[in-house]
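S.K.: curious how this folds, go ahead:
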Amino acid sequence: KQWYQRRVRGSMFRYLAWSLLLGLATPYMLYLDAKAEECFFETLQVNQKAGLSFEVAEGGFLDIDVTLKDPVGQVIYAANQETEGRFRFSASQQGNYVFCFSNAMSTVTPKVLKFKMIVVQPREADDTDMSEEDKKIKSMIGDLRNQLREVKEVLEVLPMVDTEG
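M.R.: This next block holds a predicted model:
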């Protein structure tokens, strides 16, 4: 009976997690030739929160170089020869934030990687007429959503890990 209850609770949690996370950024797969670099951009507003996650799925030592630059070209994140990574930030200025994946260190081996850029949309509702208790609940829901987003990212990576062995 306990096994069944745990399984039902786990299924309910997964259902809740997936229900809350519908409509979020979907991951992309990228084939990157040796010596190649691919760049993408995301337009953000001031103080808008965003996150970049990536994982090399195939190729060589499963490593890639990653950079993230703000609208004026200043590097705000850089990772060299990483297999996977996550980075969250809040936009310091409005404009196009550019993230690049580079396989320049590889002379012959192409790479396949999975990545996504998650952008948190600014709140539209005005909180001025909400009670303190409602504001606290709304904040807790936002925190839960962020935590579930992280769980979703990990769960998306697990199938790739399982197929490697």
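S.K.: any low-confidence regions in this structure?
M.R.: 1-26, 122-127, 153-154, 156-165 (pLDDT under 70).
S.K.: all helices of it, in order?
M.R.: 2-21, 132-164 (DSSP state H).
S.K.: contact partners for Val56?
M.R.: Going by Cβ atoms under 8 Å, 6 or more residues apart in numbering, Val56 touches 62-64, 82-84, 111-113. C-beta coordinates here come from the backbone N, C-alpha and C atoms, glycine included.
S.K.: in a markdown table: these, plus neighbour count and distance to Gly142.
M.R.: Formatted as a markdown table, the contacts of Val56 follow (neighbours: other Cβ atoms under 10 Å; distance: Cβ to Cβ, whole Å):
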| residue | neighbour count | distance to Gly142 |
| --- | --- | --- |
| Leu62 | 18 | 34 |
| Asp63 | 18 | 34 |
| Ile64 | 28 | 31 |
| Glu82 | 15 | 29 |
| Thr83 | 14 | 30 |
| Glu84 | 19 | 26 |
| Lys111 | 23 | 35 |
| Val112 | 15 | 34 |
| Leu113 | 24 | 29 |
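S.K.: tell me which two of those residues sit farthest apart.
M.R.: Across the contacts of Val56, the longest distance by Cβ to Cβ is 14.9 Å; it joins Glu82 and Val112.
S.K.: alpha carbons only: can I get stretch 49-66 in PDB?
M.R.: Provided in PDB are the C-alpha atoms of stretch 49-66 (Å, rounded to 0.1, in the frame of the first residue of the first chain):
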ATOM      1  CA  LYS A  49      15.400  37.500 -15.800                       C
ATOM      2  CA  ALA A  50      16.700  34.800 -18.100                       C
ATOM      3  CA  GLY A  51      18.700  31.600 -18.100                       C
ATOM      4  CA  LEU A  52      20.800  29.600 -20.500                       C
ATOM      5  CA  SER A  53      21.300  25.800 -20.100                       C
ATOM      6  CA  PHE A  54      23.300  23.500 -22.400                       C
ATOM      7  CA  GLU A  55      24.600  20.000 -22.700                       C
ATOM      8  CA  VAL A  56      26.900  18.300 -25.300                       C
ATOM      9  CA  ALA A  57      25.200  15.100 -26.300                       C
ATOM     10  CA  GLU A  58      27.700  13.700 -28.900                       C
ATOM     11  CA  GLY A  59      31.100  14.300 -30.300                       C
ATOM     12  CA  GLY A  60      34.700  13.900 -29.100                       C
ATOM     13  CA  PHE A  61      35.300  14.700 -25.500                       C
ATOM     14  CA  LEU A  62      31.700  16.100 -25.200                       C
ATOM     15  CA  ASP A  63      33.000  19.700 -24.600                       C
ATOM     16  CA  ILE A  64      32.100  23.100 -26.000                       C
ATOM     17  CA  ASP A  65      32.900  26.700 -25.500                       C
ATOM     18  CA  VAL A  66      30.000  29.100 -24.600                       C
END
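S.K.: with that, I have no additional questions.
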